[in-house]
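A.B. asks: Using only what follows, build the 3D model:
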Amino acid sequence: MTAGSPARMEPALYAAAIVLGAATLASKLLGLVRDRLLAASFGAGRELDLYFAAFQLPDALFSLILLGAASAAVLPAILERERAGRGETDRFVSNLLLGVAVLGSASAVTAIMAAPHVVTLLTPGFSPAEQAEVTRLTRIMAPGAVLLGLAAVLSAFLQARGRFLAFALPPVVYNLGIIGGIMLGVPRFGLAGLAAGVLGGGIMQIAVQLPTLVATGYRFRFVPAGVGAALGRVAAVSAPRVLATAIGQGTQLILVALLSLLAAGSISAFRFGLNLAYLPVSLFGVSWALAAFPSITASALAGRGQAFAETFAVGLRGALFFALPSAALVLALSHEAVRLVLGAGAFGPADAFLVASVLAALAPAIVSESVLPIVLRAFYALGHTREPLIGNALSAAATVAIAVLATRWFPERPVLGIALAFSAGSALNVFLLWMALGSAARRALGVVPALGG
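C.D. replies: You can find the predicted model right below:
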């Protein structure tokens, strides 16, 4: 039995999934603390709506420009460089870091200047004074996208080196930064203090990875002529992924715009519900996908179809094993979960009822969103990015169309209709991608991935 055989890789995959799951659990528990503090300080009202709306532009900036969309393409590129030797990998990563810093800084400045115009389009239901506050918060948080982009490069490098603990820690400290902003910044500076906490969390994401980065023997090897080549290599592979993410981000922005037209607190209720629903998604779906990604990528690059299929099946079964009962529990106990996690301070019974309704509507998405990461990474490992783009475009169109209609179906609680539209679009996306994955894997490796491997 070879060293790279699935039987030997499977224990390592389980170990990596456990490490990632534990770190993700810590991050998500801190996320619950963060949301509880936000709920207690502001309730599900307009003030918190302003913060969540302001968060959209920096988040889109990171996802579309600063390797948030391309992060899955960075790992295969680094693994390819590893074959040429450590020095080549160090040069590639160094050039990528510098390119992200320069491109990100220019993009952040542009976002800061364009913020008033973008915010007007993003929040049509807000008053001019509220839009001005969203603009101010957006400008504070915009530089944080650059920090997240740099952290994404370091994370991909550490993942390629098998340093899963260091790879998983950035989200933990990111939440710590936001919690610090809530506890220390909000009492003194209001929402601006909260935005500063987001910025601090970005700095901490980079800082927590530096010791392990040094321990790997990495040396900064900047080659001026290689910056464009490094960015171009990742951009060429990830261009369809960036377009797919652009569609996803556009969908999120449209949903926020629709929510801004509804009653005060609608954006907050939707965001709180989504954060709670994504707790099991991150713990199980994302953790299994991240743990399996290096192995399925290596198998695809080496043309080992059976290893690819078996590793994919292990990740998929692991995600579903936890996602299905999690969705059932959320559907049955949504009100209890919301009251337990968020029920404090300014977060009253009406807020709890609204968020619980949103959470119940998002329960089906727990399953589809848990399956989605491993399916997407299977496509990326195969070098196929067109299928995710098409699936995302079709599901995004369906989500927006259902959301517009559903706000009329639920006139008393239109935010519930938007949550149902999100679940329906997510399910459609996974269905389309699952159908396409079999054909893509069969053409590339001669196998058809399945639940049983």
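
A.B. asks: surely residue 108 meets residue 61?
C.D. replies: Yes. Look at residue 108 against residue 61 with CB atoms under 8 Å: they come within range, at 7.0 Å. Bear in mind the C-beta positions are built from the backbone N, C-alpha and C, glycine included.

A.B. asks: Quick check: neighbours shared by the two?
C.D. replies: 142, 145 (CB atoms under 8 Å, 6 or more residues apart in numbering).

A.B. asks: okay, now residue 76: neighbour count?
C.D. replies: Residue 76: 23 surrounding residues under other CB atoms under 10 Å.

A.B. asks: Is it in contact with residue 298, as I believe?
C.D. replies: No. Counting by CB under 8 Å, residue 76 stays clear of residue 298, with 9.2 Å between them.

A.B. asks: ok, now which ones touch residue 207?
C.D. replies: Counted by CB under 8 Å, 6+ apart, residue 207 has contacts residue 173.

A.B. asks: I'd like the distance between it and residue 201.
C.D. replies: According to CB to CB, to the nearest Å, residue 207 stands 11 Å off from residue 201.

A.B. asks: do the same with residue 429
C.D. replies: Residue 429 is 29 Å from residue 201, by CB to CB.

A.B. asks: same deal with residue 130?
C.D. replies: Applying CB to CB, the value for residue 130 to residue 201 is 25 Å.

A.B. asks: Of those two, give the one with the bigger neighbour count.
C.D. replies: Between residue 130 and residue 201, counted using other CB under 10 Å, the more crowded position is residue 201 (25 against 19).

A.B. asks: Helix or strand: which one has the residue lying closest to the more buried one once chain neighbours are set aside?
C.D. replies: Spatial nearest neighbour of residue 201, excluding adjacent residues (CB to CB, 6 or more residues apart in numbering): residue 177 at 2.6 Å. Per DSSP states H and E, residue 177 falls inside helix 170-180.

A.B. asks: okay, and for the chain, where does confidence drop off?
C.D. replies: The chain contains residues with pLDDT under 70 at 1-14, 16-17, 64-73, 83-86, 222-239, 241, 450-453.

A.B. asks: for residue 277, what are its contacts?
C.D. replies: Neighbouring residues of residue 277 by CB under 8 Å, 6+ apart: 330, 359, 362, 363, 365, 366, 369.

A.B. asks: Which one (most neighbours) among those residues?
C.D. replies: Among those, residue 366 has more neighbours than the rest - 30 neighbours, counting by other CB under 10 Å.

A.B. asks: shouldn't it be in contact with residue 327?
C.D. replies: Yes. Counting by CB under 8 Å, residue 327 is a contact partner of residue 366 at 4.1 Å.

A.B. asks: what touches both of those two?
C.D. replies: With CB under 8 Å, 6+ apart as the test, residue 366 and residue 327 both reach residue 280.

A.B. asks: if I pick residue 125, what's in contact with it?
C.D. replies: Residues counted as contacts of residue 125 (CB under 8 Å, 6+ apart) are 257, 259, 260, 261, 262.

A.B. asks: Quick one, which of the residues you listed are buried?
C.D. replies: 257, 259, 260, 262 (16 or more other CB atoms under 10 Å).

A.B. asks: Apart from its neighbours in sequence, what residue is nearest the last one?
C.D. replies: This means residue 262. residue 414 (5.4 Å).

A.B. asks: what do you get for residue 104?
C.D. replies: In space, and not counting its chain neighbours, residue 104 is closest to residue 146: 3.5 Å by CB to CB, 6+ apart.

A.B. asks: if I read this right, the one you found contacts residue 109, doesn't it?
C.D. replies: No. Applying CB under 8 Å, one finds residue 146 not in contact with residue 109, separated by 10.0 Å.

A.B. asks: Between the two, point out the one with more neighbours.
C.D. replies: It is residue 146, of residue 146 and residue 109, that has more neighbours when counted by other CB under 10 Å, with 24 against 12.

A.B. asks: for the more buried one, what are its contacts?
C.D. replies: With contact set as CB under 8 Å, 6+ apart, residue 146 has these partners: 66, 100, 101, 104, 105, 107, 108, 202.

A.B. asks: and if we set it to 7 Å?
C.D. replies: 66, 101, 104, 105, 108 (CB atoms under 7 Å, 6 or more residues apart in numbering).

A.B. asks: same deal with residue 56?
C.D. replies: For residue 56, the contacting residues are 122, 252, 253, 256, by CB under 7 Å, 6+ apart.

A.B. asks: pretty sure the third one is touching residue 123, no?
C.D. replies: The reference is to residue 253. No. Look at residue 253 against residue 123 with CB atoms under 7 Å: they stay out of range, at 9.9 Å.

A.B. asks: Those two: who's more crowded?
C.D. replies: Comparing residue 253 with residue 123 by other CB under 10 Å, the one with more neighbours is residue 123, at 25 against 19.

A.B. asks: And that one, how close does it get to residue 193?
C.D. replies: Distance from residue 123 to residue 193, by CB to CB: 21 Å.

A.B. asks: cool, and residue 274?
C.D. replies: If you go by CB to CB, the gap between residue 274 and residue 193 works out to 24 Å.

A.B. asks: Could you do residue 205 as well?
C.D. replies: Counting by CB to CB, the gap from residue 205 to residue 193 is 19 Å.

A.B. asks: Show me which of the two is the more surrounded one.
C.D. replies: With neighbours defined as other CB under 10 Å, residue 205 and residue 193 compare such that residue 205 has more, 24 against 18.

A.B. asks: What about that one? Give its phi and psi, please.
C.D. replies: phi -60, psi -40 (degrees, to the nearest 10).

A.B. asks: tell me the contacts of it?
C.D. replies: 147, 148, 151, 170, 173, 174.

A.B. asks: any chance you could read off phi and psi for residue 163?
C.D. replies: Backbone torsions of residue 163, given as degrees, to the nearest 10, read phi -90, psi 70.
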